[in-house]
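Enquirer: with the sequence up front, the predicted model follows.
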Amino acid sequence: MRLGHHRLQRRRGAPAPPASGSRRAGPPGGGGADPGRGRARSFYRTLDQRIRALPGVTDVAYAGVPPRSLSRSDGRIRLGDSDGEGASLPVAHANVDPTYFEVLRIPILRGRAFRAEDGADAGPVAVVNETLARRLAPGGDAVGRSFVFRDRETRVVGIARDARYATLAEETPPFVYAPLAQLWQPRQTVLVRTAPGAAVPGPELRSAVGSIDSTVPPPVVVPLEETIRVALLPQRIASGVTTALGGVAGFLAIVGLYGIVVGLLLSAAGTRVLRSLLFGLSPLDGLALAGATLLLLLAAFLGSYLPARRAAALDPVTVLRSE
């Protein structure tokens, strides 16, 4: 029986945004017949008990798709009954356990999160984000509404706050959270929250996995902050590029009037780049523009003051004679 690679992720005690990246994995016998699925569930139950017993660990959650990954699971729902009628809507989705929202600090704004009774024998339920809730019901009060997901009529039991799921610059998609107990995945991401100041329990986590089944490859322990830094890489590159453009624009502004014109054109080009990469901040931010304007005025002053001072020091008679 084969097992993929686990990646256990740790998030420190500060409130966490949703959405990071990792590879998924599964215990022995995770797919296929019911006996194999039973072994997989037993593996995760034992693993959960051992992780929770580690010093500094405050909570544990499981998900089929890791938060903040640069990719996500996409699907479709049908807004209607299960007989095939109704409009189809593309959505992103993830299968999560009941503690997922608490561990990642994703508030449930209406209704409830998943419970232990939302198991395989219960009716299909889902938690949706605010964006999807507004599509399902006027005013966004979608608790109790239903849609068809994976050929099953699914009832909305809760509405979670919108978040960033794949990248930090994405537009918020309609999002469906389904309970892992109903849509079981043998390959899962384990998310471990620790107390503030606690050390990353990497060796202990690897030992816990190996003690349950020695055929499981040692997991890679990755802090969620590191995954976010990877997700921010495009913004960091863009910041470096626009900083360089700004430096060139400032130099040209010192050179003279033509430099100012070229500098403004470069600034406009930099703004277009920033518009696609900024999140939570406008490229037309008033404070930033005011600072840039003062910087250009200072550059223009220096560019004109120094030549003017040198010219003022010349003897007019000498200048006339040279003419």
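Expert: Yep, that arrived.

Enquirer: got any ranges where the stretch 51-200 of the chain has weak pLDDT?
Expert: Where the stretch 51-200 of the chain drops to pLDDT under 70, the residues are 68-72, 80-86, 167-169.

Enquirer: that one: helices as residue ranges?
Expert: Using DSSP state H, counting those that start in this stretch, the helices of the stretch 51-200 of the chain run over residues 100-103, 130-136.

Enquirer: now R229, what's its secondary structure?
Expert: Look at R229: counting by DSSP: H, G, I helix; E, B strand; the rest coil, its state is helix.

Enquirer: enumerate every residue touching V57.
Expert: By Cβ atoms under 8 Å, 6 or more residues apart in numbering, the residues touching V57 are 51, 192-195, 198, 201. All C-beta atoms are positioned from the backbone trio N, CA, C, and that covers glycine.

Enquirer: okay if I get those as a markdown table plus neighbour count and distance to Y177?
Expert: Below are the contacts of V57 laid out as a markdown table (neighbours: other Cβ atoms under 10 Å; distance: Cβ to Cβ, whole Å):
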| residue | neighbour count | distance to Y177 |
| --- | --- | --- |
| I51 | 19 | 22 |
| V192 | 23 | 20 |
| R193 | 23 | 18 |
| T194 | 20 | 24 |
| A195 | 11 | 26 |
| A198 | 16 | 28 |
| P201 | 20 | 27 |
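
Enquirer: just give me the closest of these to G158.
Expert: The closest of the contacts of V57 to G158 turns out to be R193 (Cβ to Cβ; 20.4 Å).

Enquirer: the closest one against V60, yeah?
Expert: Yes. Taking contacts as Cβ atoms under 8 Å, R193 lies within contact range of V60: 7.4 Å.

Enquirer: can you tell me the element E226 falls in?
Expert: If you go by DSSP states H and E, E226 is part of helix 224-231.

Enquirer: so the spatially closest residue to S211 that is not a sequence neighbour, which of the three states?
Expert: Leaving aside its chain neighbours, S211 sits nearest to R50 (7.3 Å; criterion: Cβ to Cβ, 6 or more residues apart in numbering). At R50, secondary structure determined by three-state DSSP is helix.

Enquirer: which residues does R50 contact?
Expert: When the contact criterion is Cβ under 8 Å, 6+ apart, the partners of R50 are 208, 211-212.

Enquirer: and it, what pLDDT?
Expert: On pLDDT, R50 comes in at 93.

Enquirer: for it, give its distance to V220.
Expert: Separation of R50 from V220 (Cβ to Cβ, to the nearest Å) stands at 18 Å.

Enquirer: where does the stretch 201-323 of the chain dip in pLDDT?
Expert: Short version for the stretch 201-323 of the chain, where the test is pLDDT under 70: 228, 230-236, 238-239, 241-242, 245-286, 288-289, 292, 296, 300, 302-323.

Enquirer: look up the pLDDT of P17 for me, please.
Expert: So P17 comes in at 36 (pLDDT).

Enquirer: same check on the one 5 residues further on?
Expert: In the prediction, the pLDDT value recorded for S22 is 37.

Enquirer: dump the contacts of V57 to TSV, plus distance to D162.
Expert: TSV is the format used below for these (distance: Cβ to Cβ, whole Å):
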residue	distance to D162
I51	29
V192	25
R193	21
T194	26
A195	28
A198	30
P201	32
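
Enquirer: which of those residues lies closest to L136?
Expert: Checking the contacts of V57 against L136 by Cβ to Cβ gives R193 as the nearest, at 30.6 Å.

Enquirer: which residues touch the residue nearest to the closest one when sequence neighbours are not counted?
Expert: Spatially, and ignoring its direct neighbours in sequence, R193 is nearest to D59 (4.6 Å; Cβ to Cβ, 6+ apart). Residues near D59 by Cβ under 8 Å, 6+ apart: 52, 99, 102-103, 192-193.

Enquirer: looking at those residues, which is nearest A113?
Expert: The nearest member of those to A113, counting by Cβ to Cβ, is E102 at 7.5 Å.

Enquirer: got a list of what the nearest residue to P174 once chain neighbours are set aside touches?
Expert: In this structure, P174 finds its nearest non-sequential neighbour in L132, 3.6 Å apart by Cβ to Cβ, 6+ apart. Contacts here follow Cβ under 8 Å, 6+ apart; on that basis L132 touches 91, 142, 174-176.

Enquirer: can you put these in JSON lines and add distance to A113 and neighbour count?
Expert: What follows is these, written out as JSON lines (distance: Cβ to Cβ, whole Å; neighbours: other Cβ atoms under 10 Å):
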{"residue": "V91", "distance to A113": "19", "neighbour count": "22"}
{"residue": "A142", "distance to A113": "15", "neighbour count": "23"}
{"residue": "P174", "distance to A113": "19", "neighbour count": "20"}
{"residue": "F175", "distance to A113": "14", "neighbour count": "24"}
{"residue": "V176", "distance to A113": "14", "neighbour count": "23"}
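
Enquirer: all set now, cheers.
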